[in-house]
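Undergrad: sequence and predicted structure, then a few things I'm wondering about:
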Amino acid sequence: MSAVDVRQTAQQRESATTIYEKSKAGRRAFVPPPVDVPERPLDELLPARFRRTVEAKLPEISEPEINRHYNRLSKRNFDLDTGFYPLGSCTMKHNPKLHERVAALPGHARLHPAQDPKRAQGALELMWNLERALSEIAGLPHVSLQPSAGSHGELAGVLLTRAYHEARGEQRTKVLAPDTSHGTNPATVTMAGYELVKLASNADGGIDLDDLRAKADDDVACLMLTNPNTLGLFDPNIEEIARIVHGVGATLYYDGANLNAVMGISRPGDMGFDIVHFNLHKSFTQPHGGGGPGSGPIAVSNRIEPFLPRPVIVRGEDGTFDFDHDRPKSIGRLRGWQGNFGCFVRSYAYIRSLGAEGLREASEIAVLNANYLLARLREAGVAEYLPVAYDRLCMHEFVLSGAPMKRELGIKTLDLAKRLLDFGYHPPTVYFPLLVDEALLVEPTETETKETLDAFADAIADILREAKEDPEVARHAPYTTPVRRLDEARAAKQPVIRQPL
Amino acid sequence: MSTYTSVTDDDRAAMLAAVGVRSVEELFRDIPEAVRLGRPLDLPAGLSETEVYDHLRALAARNVSAEDEVSFVGAGMYDHYVPALVDSIVTRSEFLTPYTPYQPEVSQGGLQVMFEYQTAISELTGLPVSNASVYEGPSAVGAAGYLAKLTNGRPRFVVSRGLHPHSRETLETLSRGYGTTVDEVPLAAGVTDAEAWAAALDSDVGAVFLQQPNFLGAVEDLEALAAVARQHGAIVICACDPMPLALLKPPGECGVDIAVGEGQPLGNRLDFGGPSFGFFAAAEAYLRKMPGRIAGETVDEDGRRGFVLTLQTREQHIRREKATSNICTSQALNALAGVVYLSWLGRRGFVELGELLLQRTAYARERLARVEGVALLHEQPVVREFAVSLDAPVERVIERCAELGINPGYPLGRDYPEHPNGLLVALTERRSRADIDRLAEALGVAVAAEREGVVEVGA
């Protein structure tokens, strides 16, 4: 820690205090409307045996203090509106402010989900239009907006696969996924009652076709694939992969986490995929909210359509919209109501703002920005410590390996990530994909400027230079954040997950 | 066309040169010709911001929201007042725009909110452990089912018909994947039929599912129903409306192992059904099998108090196919709205609001029961919602009320064919006595008109 200023920042001096610790008996914010009906004894309305004897120990606190508490807490977060957030596979692109305004219109925000469709025509039309747009982008004819997140869409997709095979009288048992897949893929496979079979990657980072041929048999229900994959590489063998998978009667599932690379350029449906999930919170800029809400619509081919979740939106001959619940082959519901409508409003606004040309431009610039940043990081002083894992042009993201950095400079990928925080950057995704030692997965997105990418590349070079002189600096970083490195082992060993009251 | 990129022609030239290619097109050379689109997407041309606003405004105007009518529709989502304070906090970019808190040093705000939220949910449910939220209500029921399956692996679930129809259907959808069957126990006099409940239980039942209050608004005898299930070693799962928990005995004190529910009533807007959040709380024994994110307290290397995502060895990004769930999205922003709202209500205010709902609901129930052609569907205790049966086609009655600017409730017929003209009526603090009186009047007029209509048709 030698050369580092260890004086505390104002935020560091302020120790974390919860809203419960600020509570003081007798304080309050809410004043209820008057009881304007004849009051009846509690015992008469709700027998004592059903009632609470001790009230929930919520805080007692005034509105100004709640306001200050949460505003101060907000400043202990790093956010996309303030700084560069190149988190791989998360597509941290700008969240247009217009979207918050249109989502908050009372006709959207105060619309009850059980409103009769006759009196929710605007909402159904919006959903219909969004379905049509997503269908065109995916190159698959049918869409369900219901799933709440990417992982929820995956579960829908694998359950659709099960229903499809069962309707043909087949009981298949296995699902294939590459070793580079997102962790949600294998977890979903297990939840849907299938056995996971892992596929190896080839030297170019794509699917090892021989391994696929060896493992693709009549027991395989589905192959789950991300393309471009989590290495940021488009698998050029996709047509052959689709042939092999379809050859054994299995379905091909597209994890849409990386769709931001190919909007308007290449469509999963045209690649041979049967089922696609979208992440509206990635490609279509629904704000991430610090970890949700998200939305994970799915698009499917004709042979999967009969099994889509209920209800589906239909348009009558007179142009009016309705929900069709009468879907006997449907896998059923995956959640309540119609999905995360508030997210639909934002993503629909985004698609209407950009149109065909704008979506394609977004993908092109996302790929240009990624390749440019990669080129900057190939420069001397960086590339020898942080080589790109697969030395090719990348799509919208790329993977570096911190293995030489760890070996030569004595700092790990984690240390680099933590030191980046002191430079005002959110680090890339670290230690994923698992295939690459000391991995850093970098996704700059299309909404960043060349200047930002240059400054980020410079910061990485600076940190490596600094580590060459004194690796201890990075090993103990960060220094300027509201708290410094946290003891995660202790949190897991002796879990304190609520305030004792 | 709107754009959110900022690459100039000069930038593009410099960037391509640095990459060592001549065109942007060349960057896509790995994509085989056969799978390229080769034409523009068939989508409407992009619009300017003002045009998008006008289009969305026009669509919104074609919906009749709770802003436009006096609505008594509930059925799991409720038109409570969302205080301005909640809007102000959840629209702060520091809460709106970050990702999941993977770097805790720069995510202390979000992580502490999760910790405070978990505390509030634990208090409401009377259960010691809560996660940081899941998608929403019915899928939380499904997630609880999967937790039960992982815990005891028994082949059968038993659900009460009082469980929200969406929850029952979601549970069936998901359990089909892992091969557990779902048996339903009917209602008697508005609550779970105790005899049928006992008869349905056996040692092969992995979990039972109840709802409090149930879908028809009735308060269930949770303790008695849970006790029977526990005798057979079944895990007791209860879906709860969080608002009545201000008054009701918490599920944790009634023998419930896992309490879940739809969090929308807590400071979240209706949004035509989402996004909202699902809460998920459980007994200590389930801590290391819970789905979803969990925030925990710890210290930093200088000894400062801090918060991290913890117990991550349950989760998909570490455990992959052996994870306890595939869920990796909590509903952080919606849960934030929930905890700000609960803090705003405060310890006393939460109870006062519950009591107000109880009194107004009792008044409305009594008032409606006196309307000609309207009868109570059951007489069980209720807190904020109750069911009636109309002596007229309920859908037609709703249409007539709509003409008077009133949405009288949720028609039960599709989900409960045994109550073809049932109507579920919900109250919030936004529905005053005057509104209730208008509802009674409108229902009276509408039912009478329909009954006359029936006579005319019959004559």
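TA: Looks like it came in fine.
Undergrad: when you work out contacts or count neighbours from here on, use the C-alpha atoms and nothing else.
TA: OK.
Undergrad: pLDDT value on residue 67, please?
TA: No chain was given, so I picked chain A. Here the pLDDT value assigned to A:Asn67 is 98.
Undergrad: think we crossed wires, I meant chain B
TA: Here the pLDDT value assigned to B:Glu67 is 97.
Undergrad: quick check: which element contains residue 364?
TA: Went with chain A since none was named. A:Glu364 is part of helix A:341-377 when elements are defined by DSSP states H and E.
Undergrad: I was thinking of chain B, sorry if that wasn't clear
TA: Take DSSP H and E as the rule and B:Ala364 turns out to sit in helix B:332-369.
Undergrad: run the contact check for that helix versus chain A.
TA: Yes: residues of helix B:332-369 contacting chain A under C-alpha under 8 Å from any C-alpha of the partner chain: B:332-334, B:340, B:342-349, B:351-353, B:356, B:358-360, B:362-363.
Undergrad: what mean pLDDT does the helix holding A:Glu364 get?
TA: Per-residue scores along helix A:341-377 average to 98.
Undergrad: tell me the helix or strand right after it.
TA: Using DSSP H and E, the helix or strand that directly follows helix A:341-377 along the chain is strand A:398-401.
Undergrad: and that following strand, what does it pack onto?
TA: Here strand A:398-401 touches strand A:439-442, going by 3 or more C-alpha pairs under 8 Å, 6 or more residues apart in numbering or on different chains; DSSP states H and E.
Undergrad: could you give the bridge partners of the residue in the stretch 401-501 of chain A that chain B sits nearest to?
TA: The minimum distance from the stretch 401-501 of chain A to chain B, using C-alpha to the nearest C-alpha, falls at A:Leu486 (4.0 Å). Residues in a beta bridge with A:Leu486, per DSSP bridges, are B:Asp300.
Undergrad: correct me if wrong: it contacts B:Ser107.
TA: No: in this structure, A:Leu486 sits apart from B:Ser107 without contact. The criterion is C-alpha atoms under 8 Å, and the distance is 11.6 Å.
Undergrad: sec struct for A:Ala29, please.
TA: Under the three-state scheme (DSSP: H, G, I helix; E, B strand; the rest coil), A:Ala29 adopts coil.
Undergrad: please read the previous query as pertaining to B:Ala387.
TA: Put simply, B:Ala387 is strand when judged by three-state DSSP.
Undergrad: any idea how far the closest residue to it other than its chain neighbours lies from chain A?
TA: Spatial nearest neighbour of B:Ala387, excluding adjacent residues (C-alpha to C-alpha, 6 or more residues apart in numbering or on different chains): B:Leu424 at 4.4 Å. Counting by C-alpha to the nearest C-alpha, to the nearest Å, the gap between B:Leu424 and chain A amounts to 12 Å.
Undergrad: what about B:Leu424, how many neighbours?
TA: Neighbours of B:Leu424 under the rule other C-alpha atoms under 10 Å in any protein chain shown: 22.
Undergrad: name the element it belongs to?
TA: Element membership for B:Leu424, per DSSP H and E: strand B:422-426.
Undergrad: that strand pairs with which strands?
TA: Applying DSSP bridges, strand B:422-426 is found paired with strand B:385-390 (antiparallel), strand B:410-411 (antiparallel).
Undergrad: next, the angle from that strand to helix B:332-369.
TA: When axes from the mean of the first three to the mean of the last three C-alpha atoms, to 10 degrees is applied, the directions of strand B:422-426 and helix B:332-369 differ by 120 degrees.
Undergrad: chain center to strand B:422-426: distance?
TA: The chain centroid and the centroid of strand B:422-426 are separated by 18 Å, computed with C-alpha atoms, centre = their mean, to the nearest Å.
Undergrad: residues making contact with that strand?
TA: Contacts of strand B:422-426 from elsewhere in the structure, counted by C-alpha atoms under 8 Å, 6 or more residues apart in numbering or on different chains, are B:72-75, B:78, B:216-217, B:361, B:377, B:384-390, B:394, B:408-413.
Undergrad: could you export it as CSV, CA atoms only?
TA: Taking Å, rounded to 0.1, in the frame of the first residue of the first chain, the C-alpha atoms of strand B:422-426 are listed here in CSV:
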residue,chain,number,x,y,z
GLY,B,422,-69.3,-14.6,-9.1
LEU,B,423,-67.6,-11.2,-8.6
LEU,B,424,-64.5,-10.5,-6.6
VAL,B,425,-64.5,-7.0,-5.1
ALA,B,426,-61.3,-5.4,-3.8
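Undergrad: C-terminal to that strand, what's the next element?
TA: helix B:433-458.
Undergrad: three-state assignment of the residue nearest the centre of chain A?
TA: Centre of chain A computed as the mean C-alpha position; nearest residue by C-alpha atoms, centre = their mean is A:Cys90, 5.4 Å away. Assigned by three-state DSSP, the conformation of A:Cys90 is coil.
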